[in-house]
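Novice: Got a predicted model here, sequence first, then my questions.
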Amino acid sequence: MKKDSLTFKAADGIDVFTYQWLPDDVSAVKGAVQISHGMAEHAARYERFAEALTKAGYAVYANDHRGHGKTAGTQKNMGYFADENGWQKVVDDMHTLTGIIKKENPGKPFFLFGHSMGSFLSRHYAMLYGSELTGLILSGTGGDPGIIGKIGIFVARLDAKLHGKKAKSNIMNKLSFGAFNNAFKPNRTEYDWLSRDNAEVDKYIHDPWCGGVFTAGFFCDMLGGLGTINGKENISKIPRNLPVYLFSGSKDPVGANTKGVTQVYHTFKYAGIGDVTLKFYEDGRHEMLNEINREEVFQDTIGWLNRHV
């Protein structure tokens, strides 16, 4: 595998850091995969998955979103998208990267892979730019938060008004993640909900670019984004001929232990999307790419990609 990186300018001048992983034989690339990482993590965590994809003949690209990793640049900038329209700007950053990927891989099948928050961003992306995709893969996604989401955005906006958009929002952090470990008590750490693999959980805990309390402005952006992607009119904008692969652990609290992911599956089918595949991994938690059966997850994903190139 050949590893490289690049930085591109976003429309508003922000430098967006991006990882690139290519097969050793670049002439044998059969498709490209763009990865959209989750909240409170960064794109470098996907290198092991990228290695499996490159061995299968795929070029892989993943940018650190605003407020994350090397795009954030400093710990002070973590957990904040932008002063205005942060969610849309992150989606636009993803689309800018798509243009770079397509220039480097002309005529090749192109797939978008999104995990957790990255899956929400990818669902929004598919509503705007779905015609540019060969397929969409959603890992650890979640359903419509409904009235809880509406209450959440009210609290986040109030918190931002009282303390500023860039203030760390402990109340939103607790409301969003406070119950995630309940199913795993007595829990070893506050992040047991991520994976059954203790070594992977510990790596997350000791990574300075993972975890932490995010800002009130971030929560306003993300909850607004969740409202957008769950709107029926917006879902209808996803191309009906776009193949979609949803996978999740059966004990993933983000997906409400399968209920939320199943809701997304049925919503897509109801919208007329013909090729939607749903896969649950028994007892798996939130990060299936870092689970004890991750090699199985890698191969299942590669199998789906190979059937759609």
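Specialist: Right, received. Where do you want to start? All figures in this text were calculated on a predicted structure; none of them were measured in a lab.

Novice: And the nearest residue to residue 223 once chain neighbours are set aside, how far from residue 222?
Specialist: Once flanking residues are discounted, residue 223 sits nearest to residue 153: 4.1 Å by C-beta to C-beta, 6 or more residues apart in numbering. In short, each C-beta sits where N, CA and C put it, glycine included. For residue 153, the distance to residue 222 equals 9 Å [C-beta to C-beta, to the nearest Å].

Novice: Show me which of those two is the more surrounded one.
Specialist: Neighbour count, other C-beta atoms under 10 Å: between residue 153 and residue 222, residue 222 has more, with 25 against 20.

Novice: Tell me who's in contact with the more buried one.
Specialist: Residue 222 sits next to 39, 87, 117, 120 when contact means C-beta atoms under 8 Å, 6 or more residues apart in numbering.

Novice: my guess is the first one meets residue 212, correct?
Specialist: No - contact status for residue 39 versus residue 212: not in contact, 10.0 Å apart, counting by C-beta atoms under 8 Å.

Novice: okay, those two: which has more neighbours?
Specialist: residue 39 (23 against 12).

Novice: which ones are touching that one?
Specialist: So residue 39 contacts 68, 116-117, 214, 222 (C-beta under 8 Å, 6+ apart).

Novice: Repeat that for residue 230.
Specialist: Contacts of residue 230 (C-beta under 8 Å, 6+ apart): 143-145, 267.

Novice: Please convert those residues to CSV, extending it with neighbour count.
Specialist: Shown next, in CSV, are the contacts of residue 230 (neighbours: other C-beta atoms under 10 Å):
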residue, neighbour count
143, 20
144, 16
145, 18
267, 17
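
Novice: Check the gap between residue 231 and residue 119 for me.
Specialist: Relative to residue 119, and taking C-beta to C-beta, residue 231 is found at 17 Å.

Novice: Comparing these two, which residue is more hemmed in?
Specialist: residue 119 (28 against 13).

Novice: Tell me who's in contact with the more buried one.
Specialist: Counting by C-beta under 8 Å, 6+ apart, residue 119 has contacts 36, 38, 138-142.

Novice: In which helix or strand does it reside?
Specialist: helix 117-129 (DSSP states H and E).

Novice: what's downstream of that helix, the next helix or strand?
Specialist: Next helix or strand after helix 117-129 toward the C-terminus (DSSP H and E): strand 135-139.

Novice: So what touches that next one?
Specialist: 109, 111-116, 119, 122-123, 126, 130, 242-248, 264, 288-289, 301, 304-305, 308.

Novice: immediately after that strand, which helix or strand?
Specialist: Once strand 135-139 ends, the next helix or strand along the chain (criterion: DSSP H and E) is helix 147-163.

Novice: And for that next one, what's in contact with it?
Specialist: Against helix 147-163 from outside (C-beta under 8 Å, 6+ apart): 145, 167, 169, 171-172, 175-176, 216-217, 219-220, 223-224, 226-227.
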